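Student: Sequence and computational prediction follow.
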Amino acid sequence: MTSLGATVSREGIRFAAWSSSARRLWVSIFDETGSRETDRLELQPEGEGVHALFVAGLGAGTRYGLRADGDYAPERGLWFDPEKLLVDPYAVEI
């Protein structure tokens with residue numbers, strides 16, 4: 001089973017999220033204050049809707065959010081907008 005969310009190790013953080021509809025997912029990394037985005041890195045598809053990326057050098061307390069791109073079709077319940085920052089749905093603490 002793939003671990004979803006942010007998994008911290010001594011080497012860095014593995015970010016993983018699932019979406020049945022997103023074409024692309026990114027993790028946005030923020031500075032210590034959370035006010036400035038310092039990096040936007042694309043997660044890579046791993047199959048069955050899971051996208052993931054390992055980022056070396058990050059540790060516990062890293063401020064981040066997710067972004068997703070796909071169809072914008074409200075009539076079908078799809079509201080993708082990569083400019084909107086999303087909370088990690090697997091986070092255990094915010």
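Tutor: Nice, thanks for sending it over. Numbers count the residues shown, from 1 in each chain.
Student: hey, let's count contacts and neighbours off CA atoms from now on
Tutor: Noted.
Student: Just the buried positions in stretch 55-64, please.
Tutor: 58, 63, 64 (16 or more other Cα atoms under 10 Å).
Student: which residue packs closest to the last one, ignoring adjacent ones?
Tutor: In other words, residue 64. residue 29 (4.5 Å; Cα to Cα, 6 or more residues apart in numbering).
Student: next one: the first one
Tutor: When the adjacent residues along the chain are set aside, residue 58 lies closest to residue 12, with 4.6 Å between them (Cα to Cα, 6+ apart).
Student: The one you found: neighbouring residues, count only.
Tutor: 16 (other Cα atoms under 10 Å).
Student: Surely it and residue 53 touch.
Tutor: No. Contact between residue 12 and residue 53 fails when scored by Cα atoms under 8 Å: they sit 10.5 Å apart.
Student: Could you list the low-confidence segments of the protein?
Tutor: Across the chain, the ranges flagged by pLDDT under 70 are 1.
Student: Let's verify the residue lying farthest from the centre of it: helix, strand, or coil?
Tutor: Seen from the C-alpha centroid of the chain, the residue lying at the greatest distance (Cα atoms, centre = their mean) is residue 75, 25.0 Å away. In three-state terms, and counting by DSSP: H, G, I helix; E, B strand; the rest coil, residue 75 is helix.
Student: Please tell me how far residue 71 sits from residue 20.
Tutor: For residue 71, the distance to residue 20 equals 12 Å [Cα to Cα, to the nearest Å].
Student: Compare the two (neighbour count), which wins?
Tutor: residue 71 (14 against 8).
Student: Run through the neighbouring helices and strands of the helix or strand harbouring residue 28.
Tutor: In the assignment (DSSP states H and E), residue 28 maps to strand 24-30. With contacts taken as 3 or more Cα pairs under 8 Å, 6 or more residues apart in numbering; DSSP states H and E, strand 24-30 sits against strand 37-42, strand 63-69.
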